[in-house]
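Trainee: When you get a sec, could you give me coordinates for this:
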Amino acid sequence: QVQLVESGGGLVQAGGSLRLSCAASGRTFSSYAMGWFRQAPGKEREFVARITRSGMITYYADSVKGRFTISRDNAKNTSYLQMNSLKPDDTAVYYCAADGTRVAGSVYPYDYNDWGQGTQVTVSS
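Mentor: Next up is the predicted model:
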């Protein structure tokens, strides 16, 4: 099991940027693929991005491709989500999650073993 804590959320105007961080503790961080998900009010939790254990390969939802960048620093036990050109539709609670089974993670929330508490991102128009 790995414990995850997100930070970096906040209020930003449309077109702005935010960088989310996900600090991990517990088991060996490099043993986990990492994913970022988000959940807006009244909607299901949706996949945003994922990154392999080594950090060499990344995957994105079509809605954020070209605007968001997922990364990780295994020496610092931290994953990041850089969000640029933010839109009001990006408003949601953002969660990081760890997958200890699949090398590349998954787009499905139920495949992830451990979750952070979430951080609110609000984009004003």
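
Trainee: May I have the secondary structure class of Ser30?
Mentor: At Ser30 the chain is in helix, as set by DSSP: H, G, I helix; E, B strand; the rest coil.

Trainee: Quick one: neighbours of it, just the number.
Mentor: Counted by other CB atoms under 10 Å, the residues lying close to Ser30 total 13. Heads up, the C-betas are built off the backbone N, CA and C, glycines and all.

Trainee: Now that Ser17 has come up, it's in contact with Gln82, right?
Mentor: Yes. The pair Ser17 / Gln82 is scored as a contact, 7.3 Å apart, by CB atoms under 8 Å.

Trainee: ok, for the residue nearest the centre of the chain, nearest residue in space, not its chain neighbours?
Mentor: Residue closest to the average C-alpha location in the chain (CA atoms, centre = their mean): Trp36, at 2.3 Å. Once flanking residues are discounted, Trp36 sits nearest to Val48: 4.4 Å by CB to CB, 6 or more residues apart in numbering.

Trainee: Might one say that the one you found is in contact with Met83?
Mentor: No. Val48 is beyond contact range of Met83, at 9.1 Å (criterion: CB under 8 Å).

Trainee: so what sits against both of those two?
Mentor: Residues touching both Val48 and Met83 (CB atoms under 8 Å, 6 or more residues apart in numbering) are Val64, Phe68.
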